[in-house]
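Engineer: predicted model, plus sequence, below.
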Amino acid sequence: MEMVRQYIDASKLMSVISLPKALQNSLLEIIVFPAENMNQEKAETKDKGTRVSDIVDSLTGIIPDNGMTLEDYRAERLSKYETAD
């Protein structure tokens, strides 16, 4: 993605954009990105993993099925970390 980065006096920007008083009469750094690319990236990020079924599918298989129950996992973790201080 291409961008433009430039330092400019705040007074030159006043006709284009309104600035807070704290930024007036100072040197500003302006960075310009193409709006199309940023909107597309935001849309892709927003759509990715928003459905619950997609999230559940992505988590399936993380814990291997070795026949242990939740109580077995709990007991294993408690015995492993009970002496940790």
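Structural biologist: Looks like it arrived, so ask away.
Engineer: going forward, measure contacts between C-alpha atoms and count neighbours the same way
Structural biologist: Noted.
Engineer: please state the offset of stretch 56-70 from the chain centre?
Structural biologist: Chain-centre distance of stretch 56-70: 27 Å, with CA atoms, centre = their mean, to the nearest Å.
Engineer: typo on my end, stretch 14-26
Structural biologist: Mean C-alpha position of stretch 14-26 versus that of the full chain (CA atoms, centre = their mean) differs by 29 Å.
Engineer: I'd say residue 7 and residue 13 touch.
Structural biologist: No. Judged on CA atoms under 8 Å, residue 7 makes no contact with residue 13 at a distance of 11.1 Å.
Engineer: of those two, which one has the most company?
Structural biologist: residue 13 (14 against 10; other CA atoms under 10 Å).
Engineer: roughly how far does that one sit from residue 2?
Structural biologist: Applying CA to CA, to the nearest Å, the value for residue 13 to residue 2 is 22 Å.
Engineer: can you check residue 57 too?
Structural biologist: Residue 57 is 36 Å from residue 2, where distance means CA to CA.
Engineer: who has more neighbours out of these two?
Structural biologist: For residue 57 and residue 2, the more surrounded residue by other CA under 10 Å is residue 57, and the numbers stand at 10 against 7.
Engineer: quick check: pLDDT value at the more buried one.
Structural biologist: Residue 57 carries a pLDDT score of 71 in this model.
Engineer: ok, residue 65 to residue 73 distance?
Structural biologist: Distance, residue 65 to residue 73, using CA to CA: 12 Å.
Engineer: and for residue 29?
Structural biologist: Relative to residue 73, residue 29 is positioned 55 Å away (CA to CA).
Engineer: can you check residue 18 too?
Structural biologist: Distance, residue 18 to residue 73, by CA to CA: 59 Å.
Engineer: could I get the phi/psi values of residue 27?
Structural biologist: The phi and psi values for residue 27, taken as degrees, to the nearest 10, are phi -90, psi 130.
Engineer: what of residue 29?
Structural biologist: Phi and psi for residue 29, reported as degrees, to the nearest 10, are phi -100, psi 120.
Engineer: any chance you could map the strands in the protein?
Structural biologist: Per DSSP state E, the chain carries strands over the ranges 4-9, 27-32.
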